[in-house]
Each structure stands twice: as C-alpha cells, then as structure tokens.
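Q: No sequence on hand, only this structure:
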C-alpha cells in the first residue's frame, strides 16, 4: 500500500470509492471533476489517496485558506479498515499542511458518524465547545 497525490485521472475511481464507503458527495457542485481540478490548480488542496495494486482503497482531502486547514473526505474501503490506513492518510495530510505553515487543522463530522468521531478523537482532535457551523450556499447541491 502506498499513499500518493490524487490525480484528476483518478476522478471516476474516487467517486466509486466514496460510493462504496457511503460517503455523501455533490457531483454537480463541489465534488464535480471541474471543481476538484480547480482546487488542485489553486494550490489550496492536499488531496491524497491510498493505493494498493492499482486500486484506490482510501482518500483524504485537506484544504486551507492560508491560516486554517480542514480535513475532509476521509474514506477507507470497509475491508481495509482498522489497519491504520485512515490514520496514515490524516497524518500525511497534517504533515503537508504543517510544511506550509498551517497551525490549526479542523474537521467537521456529521451527527451519527461515530466511526469518524472515534478516528479523529484517537488522532488527537478535540471537540470545540460553543461553536456553531453555519453555511450560505449559492445552490443547494454545492
């Protein structure tokens, strides 16, 4: 197994991975091939995949605004879970964010996603009390 940079040529494979992992995504919005390609070109994304024998078995997407980093899209195929692959992906994303000076890294975990909550808690992430997450969206599927 190796961790490498995501390449836009991996797009269809990444969508299959997310579907298999039941990870919600917005193919007409932020997860479209075009939007993902834009993020990669802007240099604001660290998008990594775990690969074994040419098959994508995991992914993580980290983005930043120059001050704060965000971990998103952590996924590992069910048959590869509990082997430390998710932790390796997150740690590599953290390392790369650290290398560009990002000192705060956050993640958002939806209610009911106890697995992700446990993974990130084990990796040293703490819940931040008193914070509310608000969004304003141009389109509902973005």
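A: Noted; the coordinates are in hand. Owing to the predicted nature of the structure, the values given are computational and were not obtained by experimental measurement.
Q: roughly how far out does the longest helix seen in the chain sit from the chain middle?
A: In the chain, taking DSSP state H as the definition, the longest helix is helix 85-99. Taking C-alpha atoms, centre = their mean, to the nearest Å, one finds the center of helix 85-99 at 10 Å from the center of the full chain.
Q: Contacts made by it with the rest, please.
A: 1, 3, 46, 48, 50, 57-62, 64, 69, 71, 74, 76, 105, 119-120, 122-123 (C-beta atoms under 8 Å, 6 or more residues apart in numbering). Every C-beta, even on glycine, is put in place using the N, C-alpha and C of the backbone.
Q: again, but for stretch 17-34
A: So stretch 17-34 is contacted by 8, 11, 15, 35, 56-59, 73, 75-78, 139, 141-142 (C-beta under 8 Å, 6+ apart).
Q: Also stretch 105-115?
A: Here stretch 105-115 makes contact (C-beta under 8 Å, 6+ apart) with 62, 68-72, 74, 94, 97, 116-117, 120, 125, 128, 133.
Q: Sounds good, over and out.
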